[in-house]
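J.: Let me see the structure of the following:
(3 chains)
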Amino acid sequence: MDKILVSPNPHLHSKTTTKVLMRDVVIAMLPAVAVSVVFYGWKELLVLAVSVLSCVLIEYLITRFCLRKASTTGDWSAVVTGVLLALNLPPTTPWWVVFIGALVAIGVAKMTFGGLGQNVFNPALVGRVFLLISFPTYMTHWEIPQGLFGVDAISGATPLGAIKEGLMQPGATVQGIMADHGYSYSQMLFANIGGSAGEACAVAILLGFIYLLVRKVIKPWTTLSILGTVALVSCVFWLADPSRFTDPLFNLLTGGLLLGACFMATDYVTSPMTVKGGVIYGVGIGFITLMIRYFGSYPEGVSFAILIMNSTVPLLNNWFHQKKYGRA
Amino acid sequence: MAAKSNLINMAVCLTAVCLVCSALLGGMYALTAEPIAKANAEILKASIGSVLPEGGELSDAMPIEVGGQPSEYYVSKAGDEVKAYAVKSTTVGFGGPLTLMVGVTPDGTVYNTSVLSHTETPGLGAKCSTDERFFSQFKGFDPAGKILSVKKDGGDVDAITASTITSRAYTLAVKNAVEAVKNIKGE
Amino acid sequence: MSNRKFDIFAKGFFKENPTFVLLLGMCPTLATTTSAINGLSMGLATLFVLVLSNIVISAIAPLVPDKVHIPVYIVVIATFVTILQFAMQAYTPDMYKTLGLFIPLIVVNCIVLGRAEAFASKNGIVDSALDGLGIGFGFTMSLTILGMVREILGSGSIFGWKFISGDGLLVFVMAPGAFLAMGYLMVLFNRIAKKN
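T.: Model prediction:
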C-alpha cells in the first residue's frame, strides 16, 4: 500500500506574507520619495528619516514594554506608515512635530486599537490630521521646491490653497487665479508646485501604483472609483460654472488626491474587503473630497474624506460579504 | 416611599412646589439684580474703555450703520468736546462673524481696537485677539497716511501668518468703523 | 455606622466616579474642560446643585405623589440651577461668561437627576447630602484632572501659568482632543480602580 500523507489544510502555500506585501508598498513609494527629495532637498530627507525611525521605534517600544510581547516591527507595516506620514507633511515640518505625528499614528491610531489588522482608521492620516489641527502654522507652511541643494526657501501657497483663498475675494475667478500664479498642467504632472512632499510629482506616484498592480498587491477598483468620481463630479460642477469651480484635470493632479487614492485608500486593513464595497468606498471618498475642496473651509479634503469613509468600512464589510467557496 | 397618587394630592403637590420655588427665585432675583446690572456695566465699560482715551463721559449706545449693517456706537465726551467714538463693527471672518470695538478720534484716526467676539481657528485666526504684534498695528493708525488693508492687497497692515482671511476681516471691520464715524460727523 | 457614612461619601471618587466609571454627564465634561480652572468651576457649580437638590428631594420625597415625582424633582433642580446662575452672573461674571450655556445645562445633567432618583428619593437627608458631596467632589476631581491634561497639552499652562511660549498641541483645546484625553484617562482610571 502506498503511504498516504495526511496533514491539515491549507495545502497550497504562496510566498506572500505581510512583510513581502509591505516591502512591495515601500518599493512602490520609492519614485515618489526620490522625487520629493530631489525637489525639496535634505529637509525632506530629514522628515522622512525621522518619520520612519520614529514609527518603527514607537511600535517596538509599545509592543515590547507596554504589551510585553514580541516586537511586530518585522512586518514592515510601521515603515510603510512612516513613509506615508512623511509624504503627507510639508517638507519644512520640524523634526519634533514629525515625531509627535508618528507617536499619534502608531500609538493612537494603530496600537491602541490592537495593532495591525485591528485599526479602523488609516494611521498615517490620523497622524497627519492630528498635526494639522495641533500645529496649524507649521502644517500650512508650504514652499516652492528649491532642489536638492537649495538653501533659500520661498514660501508659496499650494494651488488648492491659492484657489480657496483667492475665491474669497469678490469678483475673483478660477481662471484669473490660475493665470496669476502661472499654473499649468505639465507643471502639476511633473514638478514644480508647492504642496506636501507626496504631491509634487504625479508621474512618480502613478509609477508606484502600476508596480503594485503588477505585483498583485492591490486591486484597482478603489483607486479607479475615487479618481472616476472626482473626474465626473468636478466635470459637472465645472461645466456649470467654470469661474467658481476648478476643472477635472486640475482636481486630479493637485493636492493629495493621487497619493491618497493610490496608497492610502488601498490600505488592506482600513478598506473594504469586497469589490462592491471598495467601489462604494471609493465613490464616497471622491465625493467628500470634492465637497470639501469646493465648499468646505479647508482647501484640501482627501485626508478627511478617507478617514470619514474608513469609519464606514465595518458597515460595508457587513453589507457585502466575501464569497464563501462551496456555498451558494 | 412616595405617596400614592390621586388627582388632588398631585395638584396640591405640584402647586406647592412651584409656589415655593418661584418665591425663592423671585427673592434671589431681587437680591442679585443690582450686582448683575453693575457687573454688566463694568464689562461694557471695560471693553469700550480699552479702545478710548482716558477721561470723558461715556454716552449710551446709539444706532448707526456700519459696513451696511445696523450696529451701535458710543460717544466719549469731556464737557462739550467729543473725545472719541467707540463703534461696534462686525465682519465675516474665517469661521464666522468677527465683532470688534473700534475707537476712533474725531480726526478720523483709529485710537485702538479690541475683539468682542470671534469664532476663528485656535492657533491661526484666533491670534487676532492674542497676537500683540498684529492688533497693536491699529493703535493710532491714520487712514489718511497709511492704507487700511493687508499688505497682500496693497495696504500697510501685516497679516497674521497663514491667517490672511481673518486678518482681512479684522482690517475691513476697522475700515468700516472709520467710514461710519465719518458719517456721524457729516450729519 | 460612621463607616457606612464614609463609604457613601467616598464611593463618588473612585468606585462610582461619575465621569470615568459611570460615564454620566459627558456633555459638560467634554465641553468645559478646556482648562483646569474651567473644569474646576464647572465641577463646583454642579456640586452645589447636586448637594442642595439631593437634600431637598430627600426631604420631600415621601410627600410627593409617585406619578408627578419627575416634574417635581426637575423643578427643584432647575430652581437651584437658576439660583446658581443669578449668583454667578452677579459675583463671578468672568467665569459666568466662560461657562456660558453649560450652567443652565446642569439641569439636564444626568448625574443630578440620576442621583435624585437612585439615591436621594430612597434615603435619609444626611445620607443624601453625603452622596451628593461624594459624587459632586468626584465629578469635580475628574473635570479638574481632564482640564489639567487638556490645558498642559493644549496650551502649555497649568491653572493659567504658562510654561511654554506660544501654543501647545491645539487639538486638545478642541473637541477631538477632549475625546482623546477622555479615552486615555478612562483607561488609566479603570486600571487603577481594578488594582485596588
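
J.: tell me the pLDDT at the closest residue in space to A:Leu116 that isn't next to it in sequence?
T.: In space, and not counting its chain neighbours, A:Leu116 is closest to A:Ser77: 5.0 Å by Cβ to Cβ, 6 or more residues apart in numbering or on different chains. C-beta: built from backbone N, CA, C; applies to glycine. pLDDT recorded at A:Ser77 is 89.

J.: again with A:Gly171
T.: We have a pLDDT of 68 for A:Gly171.

J.: How about A:Met1?
T.: Looking at A:Met1, its pLDDT stands at 57.

J.: What of A:Val129?
T.: Model confidence at A:Val129, given as pLDDT, is 94.

J.: from memory it sits against A:Phe304, does it?
T.: Yes: under the criterion of Cβ atoms under 8 Å, A:Val129 makes contact with A:Phe304 at 7.0 Å.

J.: more neighbours, these two?
T.: Neighbour totals were compared for A:Val129 and A:Phe304, and A:Val129 leads with 23 against 18 (other Cβ atoms under 10 Å in any protein chain shown).

J.: wait, what's in contact with the more buried one?
T.: By Cβ atoms under 8 Å, 6 or more residues apart in numbering or on different chains, A:Val129 lies in contact with A:303-304, A:307.

J.: what about it, which helix or strand?
T.: Per DSSP states H and E: A:Val129 is located in helix A:123-134.

J.: after that helix comes which helix or strand?
T.: helix A:136-139.

J.: ok, the helix or strand bottoming out on mean pLDDT in chain B: who's next to it in the sheet?
T.: Here the helix or strand of chain B ranked lowest by mean pLDDT, DSSP states H and E is strand B:57-58, holding a mean of 76. Its sheet considered, strand B:57-58 pairs with strand B:69-78 (antiparallel) by DSSP bridges.

J.: Quick check: mean pLDDT of the strand it pairs with?
T.: 84.

J.: Starting from it, tell me the next helix or strand along the chain.
T.: Toward the C-terminal end, the helix or strand that comes next after strand B:69-78 (DSSP H and E) is strand B:81-92.

J.: Straight-line length of stretch A:99-116, end to end?
T.: In stretch A:99-116, first residue to last residue: 20 Å (Cα to Cα, to the nearest Å).

J.: before we move on, the earlier item: ok now do the residue nearest to A:Leu116, which residues does it touch?
T.: A:Ser77 is in contact with A:18, A:22, A:116, counting by Cβ under 8 Å, 6+ apart.

J.: and chain A, which residues reach chain B?
T.: Contact residues (Cβ under 8 Å from any Cβ of the partner chain) of chain A with chain B: A:134-137, A:140-141, A:165, A:168, A:297.

J.: quick one on the thing from earlier: quick one: the helix holding A:Val129 to chain centroid distance?
T.: 12 Å (Cα atoms, centre = their mean, to the nearest Å).

J.: what's the helix or strand for the residue nearest the centre of chain B?
T.: By Cα atoms, centre = their mean, the mean C-alpha position of chain B lies nearest to B:Leu116, the distance being 3.7 Å. Taking DSSP H and E as the criterion, B:Leu116 maps to strand B:110-117.

J.: Just the element for C:Met186, please.
T.: In the assignment (DSSP H and E), C:Met186 maps to helix C:175-195.

J.: Let me see the mean pLDDT of that helix.
T.: Helix C:175-195 shows a mean pLDDT of 89.

J.: go on, stretch A:175-183?
T.: 71.

J.: For residue 30, which non-adjacent residue is spatially closest?
T.: Here I'm looking at chain A. Nearest in space to A:Leu30, with sequence neighbours left out and distances taken as Cβ to Cβ, 6+ apart, is A:Gly208 at 7.3 Å.

J.: think we crossed wires, I meant chain C
T.: Sequence neighbours aside, C:Ala178 is the residue nearest to C:Leu30 in space, at 4.2 Å (criterion: Cβ to Cβ, 6+ apart).

J.: Could you do A:Leu103 as well?
T.: Closest residue to A:Leu103 apart from its sequence neighbours, by Cβ to Cβ, 6+ apart: A:Ile58 at 5.8 Å.

J.: Surely the one you found is within a strand?
T.: No: counting by DSSP: H, G, I helix; E, B strand; the rest coil, A:Ile58 is located in no strand; its state is helix.

J.: So what's the gap between the longest helix along chain B and the chain middle?
T.: The single longest helix within chain B, with elements called by DSSP state H, is helix B:7-49. Between the centre of helix B:7-49 and the centre of its host chain there is 26 Å, according to Cα atoms, centre = their mean.

J.: Go through chain A and flag its longest helix.
T.: helix A:18-40.

J.: roughly how far apart are the residue nearest to A:Leu103 and A:Leu85?
T.: 12 Å (Cβ to Cβ, to the nearest Å).

J.: Now for those two: what residues contact both?
T.: With Cβ under 8 Å, 6+ apart, A:Ile58 and A:Leu85 have common neighbours A:Ala102.

J.: In terms of neighbours, single out the busier of those two.
T.: Ranked by neighbour count (other Cβ under 10 Å), A:Ile58 and A:Leu85 place A:Leu85 first, with 30 against 23.

J.: and the more buried one, what element?
T.: With DSSP H and E as the test, A:Leu85 turns up in helix A:77-87.

J.: Toward the C-terminus, what is the element adjacent to that helix?
T.: Next along the chain from helix A:77-87, counting by DSSP H and E, comes helix A:95-102.

J.: burial measure for B:Ser114, as a count.
T.: Residues near B:Ser114, counting by other Cβ under 10 Å, number 18.

J.: Give me the pLDDT value at it.
T.: 87.

J.: quick one, what contacts it?
T.: For B:Ser114, the contacting residues are B:47, B:50-51, B:100-101, B:129, B:135, by Cβ under 8 Å, 6+ apart.

J.: ranking those residues by neighbours, who comes first?
T.: B:Leu100 (28 neighbours).

J.: Give the pairing partners of the host helix or strand of it; include direction for each.
T.: Taking DSSP H and E as the definition, B:Leu100 sits inside strand B:97-104. Sheet pairing for strand B:97-104, assigned by DSSP bridges, gives strand B:81-92 (antiparallel), strand B:110-117 (antiparallel).
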